[in-house]
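1. no sequence for this one, just the structure:
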């Protein structure tokens, strides 16, 4: 049985058309080069036709890419060697530029992130690196976003993930933190003593106006001591009573009471 040439040609055309059908997901765009020239608009999403070998399509994903920057050796401004790792979030906003302006935008962005991380963090001191993390993240994001904008890349965020300190520096920071805590404890203790002295001064003023208040305080103290079932009771003797006894007897008391 001889197949008519028309059917053969028709079969080849149908096969060619079927092979030219491409399906792009919602987050994908197709950059088309027709005879080596870039078409002005990317295609997709959905079903598109790519007529090979006249057309050549490059798929570009528009989803956010999370790139883990490896630990970089950084020497801070105060000459401390640390290892810093970070995370970069970026996405393609212009598929045409991402294909035409740079050979591999993922690799280019990753390398730029590493060099920028080393250069920026090398200009700050260790204390700023540890305490002003948010400001440094914003500064890194602005620099990367500005440099990748010609590639059609938008860097949405940069986060410094981990800072590894040398062991001797960790011990020095621990000693510094301990000294700072002791400083705050002494200040709080001194403030408490100052407030207590003010309250005692006010109490002395009240007792001086009403001398009987000190007797009531003595009785209250005895009640508190008796509640603990102690065999020994210490009863405070007012110094005024000693002076009264000296006036009555005419005998000078010996020891500390004479003062």
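-> Received it, and whenever you're ready, just let me know what you need. Here the structure is a predicted model, which is why all the values come from computation and not from measurement.
2. how about the most centrally placed residue in the chain, what does it touch?
-> What sits nearest the mean C-alpha location of the chain, by Cα atoms, centre = their mean, is residue 133, with 5.5 Å. Residue 133 makes contact with residue 160, according to Cβ atoms under 8 Å, 6 or more residues apart in numbering. From N, CA and C alone the C-beta is placed, and that goes for glycine too.
3. let's see it at 10 Å
-> Residue 133 is in contact with 159, 160, 163, counting by Cβ atoms under 10 Å, 6 or more residues apart in numbering.
4. which of these count as buried?
-> Buried members of the contacts of residue 133, scored by 16 or more other Cβ atoms under 10 Å, are 159, 160, 163.
5. could the contacts of residue 133 be laid out in JSON lines, adding secondary structure?
-> Shown next, in JSON lines, are those (DSSP: H, G, I helix; E, B strand; the rest coil):
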{"residue": "159", "secondary structure": "strand"}
{"residue": "160", "secondary structure": "strand"}
{"residue": "163", "secondary structure": "strand"}
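6. Looking at those residues, which is nearest residue 110?
-> residue 159 (15.2 Å; Cβ to Cβ).
7. returning to what we had before: what's the closest of the buried ones among the contacts of residue 133 to residue 199?
-> residue 163 (46.8 Å).
8. partner residues bridging the closest one?
-> Using DSSP bridges, the beta-bridge partners of residue 163 come out as residue 84.
9. wait, it sits on residue 124?
-> No - if you go by Cβ atoms under 10 Å, residue 163 and residue 124 don't touch, sitting 11.5 Å apart.
10. where does the stretch 101-250 of the chain have low pLDDT?
-> 226-242, 250 (pLDDT under 70).
11. can you give me the strands for it?
-> Along the stretch 101-250 of the chain, counting by DSSP state E, counting those that start in this stretch, strands occupy 153-164.
12. For the helix or strand harbouring residue 59, which helices and strands make contact with it?
-> Assigned by DSSP states H and E, residue 59 belongs to strand 55-61. In this structure, strand 55-61 makes packing contacts with strand 21-24, strand 28-34, strand 46-49, strand 81-92, helix 95-100, judged by 3 or more Cβ pairs under 10 Å, 6 or more residues apart in numbering; DSSP states H and E.
13. and residue 143, which of the ones you listed is closest to it?
-> Comparing the helices and strands packed on strand 55-61 by Cβ to Cβ, strand 81-92 comes nearest, at 11.5 Å.
14. what comes up buried for the closest one?
-> Neighbour count says strand 81-92 has 82, 84, 85, 86, 87, 88, 90, 91, 92 buried, by 16+ other Cβ under 10 Å.
15. So what's the model's average confidence on it?
-> Per-residue pLDDT values over strand 81-92 give a mean of 93.
16. next one: it to chain centre, how far?
-> 14 Å (Cα atoms, centre = their mean, to the nearest Å).
17. Also stretch 179-191?
-> On Cα atoms, centre = their mean, the centre of stretch 179-191 falls 27 Å from that of its chain.
18. Check stretch 47-61 too.
-> 44 Å.
19. Repeat that for stretch 46-64.
-> With Cα atoms, centre = their mean, you get 41 Å for stretch 46-64.
20. buried ones in that stretch?
-> 48, 50, 55, 57, 58, 60, 62.
21. Need those residues in TSV (columns: pLDDT and distance to residue 39).
-> Formatted as TSV, those follow (pLDDT from 0 to 100; distance: Cβ to Cβ, whole Å):
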residue	pLDDT	distance to residue 39
48	92	11
50	92	11
55	92	9
57	93	10
58	93	11
60	94	13
62	93	18
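22. Mind picking the two most distant members of the residues you listed?
-> 55 and 62 (20.7 Å).
23. Identify the contacts common to residue 163 and residue 124.
-> Counting by Cβ under 10 Å, 6+ apart, the contacts common to residue 163 and residue 124 are 74, 130.
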